[in-house]
Every structure is written in structure tokens, then in C-alpha cells.
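Novice: A structural model of the following input is requested.
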Amino acid sequence: MTLDELRKLEHTRRRALWEVARFHPGDPKAADALGILDDLDDQELSGTPSMGESPELNEVRNSVPVHHHHCGIDIVLERDIPQPWRERFLQASIGSTRIPDGPYATDWDKFLARWEAEILHLELHRAARRKPGAD
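Specialist: A predicted model of the protein is given here:
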């Protein structure tokens, strides 16, 4: 997968996650966004040899070092964040304040915590969709 393809995929995922977040699990109004997320998951599972295996959330959380910048702020270096997580973070952080050397480490931590919550919410939607009579 090219970087441009990944950027488009993660842009679409970000918009769909924000859309799903607007609804309680089981709300039929979330169906379109859930369909988009299902399609994206299928694309990811069908594999892209150039991307390799995507590290799990906790693996990424533990592998990205925090650097204390001379300006007094802790940052992460984008190059230390493996794909597709780097692109996911960048898509979720558009417009965030940062320094030229890298994004704030607090923003990285907030992204990881928010991602975990978003995926839990998504799984609740999917579980509600699988319940008998939820069609």
C-alpha cells in the first residue's frame, strides 16, 4: 500500500469513527459508518505486503519513546511511530499544536487512550448488530 493510499484509508476510517461515536450502540443511524469501517477492516485483512503486520495498540504504546525537548515539552518523533499508527495519529491530530520537531507526547498518549475507547465503542456497535432481532 502506498503512503497516499494509507492516508486516504485512514482519513476515511477517522471520519467513520467520529460518525459512529455520535450514536449509541445498536442505533440504526450508525449503519452506514459501520459498513465503511467493516469494509476498511476487510481491506486491511486482505493484506498489503508492503505494510507488513500492524503492531497491536499496547505494542505501539510501549515502543514509541518520549523525548524531552530543550523547550521543556515532551515530544514523540513521527519516525518512531510505526505505520499505520503514525497515519492514524496524524489523521486524528490535524490542527493540533505541535513543535517543528514533533508532536506533543501528551497528544500521542491522548490519541492512544481515545483510540482504545473508540474501538471499544465500535465493538459494542458490532455486538449490538449481531444480536437477534437487531437487523
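Novice: what are the boundaries of the strands in this structure?
Specialist: Using DSSP state E, the strands of the chain run over 67-68, 74-75, 98-99, 102-103.
Novice: quick one: the helices in the protein, in order.
Specialist: In the chain, the helices defined using DSSP state H lie at 3-21, 31-45, 57-63, 85-92, 105-130.
Novice: that older thread, which of the strands of the chain sits most buried?
Specialist: strand 102-103 (a mean of 21; mean count of other C-beta atoms under 10 Å). Every residue, glycine included, has its C-beta placed from N, CA and C.
Novice: given that strand, what are its sheet partners and their directions?
Specialist: Strand 102-103 sits in its sheet next to strand 98-99 (antiparallel), going by DSSP bridges.
Novice: so who does the residue nearest to residue 91 when sequence neighbours are not counted touch?
Specialist: The shortest distance from residue 91 to any non-neighbouring residue, by C-beta to C-beta, 6 or more residues apart in numbering, is to residue 14 (4.3 Å). Residues near residue 14 by C-beta atoms under 8 Å, 6 or more residues apart in numbering: 88, 91, 92.
Novice: now pLDDT, distance to residue 100 and neighbour count too, for these, in CSV please.
Specialist: Putting the contacts of residue 14 into CSV (pLDDT from 0 to 100; distance: C-beta to C-beta, whole Å; neighbours: other C-beta atoms under 10 Å) gives the following:
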residue, pLDDT, distance to residue 100, neighbour count
88, 96, 22, 23
91, 95, 20, 20
92, 95, 20, 19
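Novice: contact partners of stretch 74-94?
Specialist: 3, 6-7, 9-11, 13-14, 44, 51, 54-55, 60, 63-69, 98-99, 101-108, 111, 114-115.
Novice: can you say which of the residues you listed are buried?
Specialist: 6, 9-10, 13-14, 55, 60, 64, 66, 102-105, 107-108, 111, 115 (16 or more other C-beta atoms under 10 Å).
Novice: between the strands of the chain, which one is closest to residue 29.
Specialist: strand 102-103 (33.0 Å; C-beta to C-beta).
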